[in-house]
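> Need a 3D model of the following:
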Amino acid sequence: MKNKLKNFGLCYIFLISFFNNAEKFGDPGEIIAIKASSDDIDKYLTVEINESLYKLIPLPFEKQNKSIYVNDEKININQKDFGESRITIKNNSMVNLSKEDSDRAFKESKIIQKALNNYSKFLVPDLNFISPVEGVISSRYGKKRYINNQPRSPHLSLDIAAAEGTKIISPSKGEVILVGDFFYSGNFIVIDHGFGLISTYSHLSSVLVKENEFIKKGQKIGEVGSTGRVTGPHLHWTVYLNKVRINPESIIQENFLESLL
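Numbering: from 1, shown residues only. Predicted coordinates for the structure are as follows:
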């Protein structure tokens, strides 16, 4: 009997060790939760789920079929077929850019990148996001894009079609860190939600907030439009975590945090 108990104990220890060291897998564009320590609080977006502390790690789209490491912990990113999206833009100058437009777009990309690099560590996001606009999803995250039959970068955002002038609200509290009128994005807003979680809003017909303004969850920030490079009125909504573009549909699902476990 003692030998049986001893063997059971060894088996139990082995199983605990196996599951603690088991490789982790996740889909591109999603977030994975990893057990965190108090030392991680200043380095990562950390949350408490079921009385345990976790750090939230975004899985880059471009790392499909590869692995990333977080504090020597290996995370494998699955290969996933997101389908494709084909659109036609009649104004060819918006597809094959002149040197002037190309230079403008490059300069604007640097401005946007600078904003994405400067997030706050005193704002703490609630991660209970709501949808920023009522409408119909016209293009989901991850789709291969073809514009006038020319292959382009994958669509790492969520497009929600709605009538011109439909109100857009902030999905969570935050600070407006950039407002502008850009070549591709048209009227554009960037909101910092804290600890590397940032959201952007493109193609607006009107902008109702200013830079450095603190906004509440559900506050109206603008209206749907068709400014910039578009085929019709819609909101182009992008969400970043640690400069990685994640799937916006994931973070507006009910019980998002619990779904990570």
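
> where are the low-confidence patches of the stretch 1-150 of the chain?
Within the stretch 1-150 of the chain, the stretches with pLDDT under 70 are 1-22.

> could you redo the last one with a cut-off of 80?
Filtered on pLDDT under 80, the stretch 1-150 of the chain yields the residue ranges 1-23, 90, 92-93, 95.

> which residues in it form strands?
Here the stretch 1-150 of the chain has its strands, by DSSP state E, counting those that start in this stretch, at 24-26, 31-35, 46-49, 52-58, 67-70, 73-77, 84-87, 136-139, 143-147, 150-155.

> Quickly list what the closest residue to residue 185 other than its chain neighbours is bridged to.
Closest residue to residue 185 apart from its sequence neighbours, by CB to CB, 6 or more residues apart in numbering: residue 202 at 3.9 Å. (C-beta placed from N, C-alpha, C; glycine too.) For residue 202, the beta-bridge partners are residue 236 (DSSP bridges).

> Repeat that for the one 4 residues further on.
In this structure, residue 206 bridges to residue 223 when assessed by DSSP bridges.

> my read: the residue nearest to residue 185 touches residue 236, true?
Yes. With contact defined as CB atoms under 8 Å, residue 202 counts as touching residue 236 (3.8 Å).

> Overlap of the contact sets of those two?
Common contact partners of residue 202 and residue 236 (CB atoms under 8 Å, 6 or more residues apart in numbering): residue 185.

> Going by neighbour count, list what's buried in stretch 32-46.
For stretch 32-46, the neighbour count (16 or more other CB atoms under 10 Å) marks 32, 33, 34, 36, 40, 44, 45, 46 as buried.

> Equivalent analysis for stretch 170-189, please.
For stretch 170-189, by 16+ other CB under 10 Å, it's 170-180, 182-189.
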